[in-house]
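*Asks:* Next one to model:
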Amino acid sequence: MCTHASTAENSITKIGKKLYPFIAEQFAELYKYNKKDPNSHRLSLLFELIENLQHEFESLKNYEVKLVFPSVQLVFNTKDNPDFTPSVNIHELQILTQKKETLIKLILNEIESETDALKLGKSHPIYTIIFVFNDSFFPEKEAWHKMLGKWNKTCTCFAKATSSLAHQDKLSSYLNHLHGTK
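*Replies:* Numbering: from 1, shown residues only. Sure, this is the predicted structure:
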């Protein structure tokens, strides 16, 4: 097992098993609050943005919990197996998650602008969601990506998982060339 496995496990637990469920709870609280409060037209537009934010968040969460985190754990847990070839490229997964996170940030910025324009009271639960994303989600995700970058530079088992598919593609291309197929 790689020495980075426990650090990865701690980060995965913090993000996937604590932060993500907490954010999901905040969305549920916001929807409960919204049912109590009559909707104005502007507030309904805000809730469309919130639904978009929740959709992108859920998509990212599912993607990471079902694919990214298990892939990282698998890489670190198979260090002693020299024949192990990862089935996914961690770097490509990281790029995809960063694109989703950028979209989440853009939607959150729209929500913040709309919330400010509506002059909702600071006790409105939307502020809790904004705070959780800005104060916890984005910093945790930034730390996660920095760790991935560091592991890619310093950890041989991890570097293998970020480049193995490129080698497989080259090998496949070479074999196809030898056999006269494309």
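*Asks:* show me the contacts for F22.
*Replies:* Residues in contact with F22, defined by C-beta atoms under 8 Å, 6 or more residues apart in numbering, are 132, 136. The C-beta positions use only the backbone N, C-alpha and C, and glycine is treated the same way.
*Asks:* go again using 10 Å as the cut-off
*Replies:* 132, 136-137 (C-beta atoms under 10 Å, 6 or more residues apart in numbering).
*Asks:* now S59
*Replies:* Listed by C-beta under 10 Å, 6+ apart, the contact partners of S59 are 100, 103-104.
*Asks:* what about burial for the contacts of F22, which qualify?
*Replies:* The neighbour-count test (16 or more other C-beta atoms under 10 Å) applied to these identifies 132, 136-137 as buried.
*Asks:* and which of those is nearest I90?
*Replies:* Nearest to I90, judged by C-beta to C-beta, of the buried ones among the contacts of F22 is F137 at 20.8 Å.
*Asks:* Select the longest helix from the protein.
*Replies:* In the chain, ranked by residue count with DSSP state H as the criterion, the top helix is helix 90-118.
*Asks:* Show me which positions of that helix end up buried.
*Replies:* Neighbour-count burial for helix 90-118, counted by 16+ other C-beta under 10 Å, picks out 90-91, 93-94, 97, 100-101, 103-105, 107-108, 111-112, 114-115.
*Asks:* before we move on, what about stretch 125-141?
*Replies:* Neighbour-count burial for stretch 125-141, counted by 16+ other C-beta under 10 Å, picks out 125-126, 128-130, 132-133, 136-137, 140-141.
*Asks:* Go through the residues you listed and flag which are in strands.
*Replies:* Within the buried residues of stretch 125-141, no residue falls in strands by DSSP state E.
*Asks:* now, which of those lie within helices?
*Replies:* In this view, the buried residues of stretch 125-141 that belong to helices under DSSP H are 125-126, 128-130, 132, 140-141.
*Asks:* now the residues you listed in CSV, with pLDDT and distance to S11?
*Replies:* As requested, these are arranged in CSV below (pLDDT from 0 to 100; distance: C-beta to C-beta, whole Å):
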residue, pLDDT, distance to S11
P125, 87, 28
I126, 91, 28
T128, 93, 24
I129, 95, 22
I130, 95, 23
V132, 97, 18
E140, 96, 8
K141, 96, 10
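*Asks:* Tell me who's in contact with K99.
*Replies:* With contacts taken as C-beta under 10 Å, 6+ apart, K99 has the following neighbours: L60.
*Asks:* Tell me the spacing between it and K150.
*Replies:* Summarising the geometry, the distance separating K99 from K150, computed by C-beta to C-beta, to the nearest Å, is 21 Å.
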